[in-house]
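Participant: Return a 3D structure for these sequence lines:
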Amino acid sequence: MKLNDLKPNEGARKDRKRVGRGISAGKGKTSGRGTKGQGSRSGEGGHLYRQGGNLPFYRRLPFMRGEGFTPPVQVEYNEVNLSQLAAKFEANMEVTPQTLAEKNLLHKPNNPVVILGNGELNIPLKVRVQRVSKGAQAKIEAAGGSVEIIA
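Facilitator: Residues are numbered from 1 along each chain as shown. Purely as a prediction, here's the structure:
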């Protein structure tokens, strides 16, 4: 099969209607627009925002002004909970973004990592990641581990 053998399924594409080509074509003279009035003129329908006196759609929408601003550059973190660390790591192991990626705990390996305090941790771990929540840091240190923030 070659590119020139490809064609759409039967009935998938219709020929466009050629209007204004004489009476015998069936759509001559007024070309199916009727006579006179706004509908017969070119440019009928107007622009998107004109709605014939109704309140335009874009003004009916409840826009948040001021506090609804979202900054264009946001840091998206890989979130890892203490319960996940307890399940995948053994005592005195080092927890880094590389070791987390090897154990398939990161959604997007190129993004920085944040350790959250959900769950319990009973084994000491050496944690070296970009961010750690206060609750998670307290639990890691209470279990005998250490926390180091990397850039």
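Participant: Show residues contacting the lowest-mean-pLDDT helix or strand in the chain.
Facilitator: Across the helices and strands of the chain, mean pLDDT, DSSP states H and E gives its lowest value to helix 57-60, namely a mean of 81. The contact list for helix 57-60, computed with C-beta atoms under 8 Å, 6 or more residues apart in numbering, reads 49, 51. C-beta: built from backbone N, CA, C; applies to glycine.
Participant: let's see it at 10 Å
Facilitator: 48-49, 51, 54 (C-beta atoms under 10 Å, 6 or more residues apart in numbering).
Participant: ok, so of those, who is nearest N122?
Facilitator: For these, the residue nearest N122 by C-beta to C-beta is L48; the value is 61.7 Å.
Participant: Please enumerate the strands of this protein.
Facilitator: Using DSSP state E, the strands assigned to the chain run over residues 78-81, 94-95, 113-116, 126-129, 131-132, 146-149.
Participant: will you turn these into a markdown table that also has mean neighbour count?
Facilitator: Listed next are the strands of the chain as a markdown table, based on neighbours: other C-beta atoms under 10 Å:
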| stretch | mean neighbour count |
| --- | --- |
| strand 78-81 | 20 |
| strand 94-95 | 18 |
| strand 113-116 | 21 |
| strand 126-129 | 20 |
| strand 131-132 | 18 |
| strand 146-149 | 13 |
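Participant: With respect to S40, which of those lies nearest?
Facilitator: Taking C-beta to C-beta, strand 78-81 is the member of the strands of the chain nearest to S40, at 61.0 Å.
Participant: Pull up the pairing partners for the closest one, direction included.
Facilitator: strand 113-116 (parallel) (DSSP bridges).
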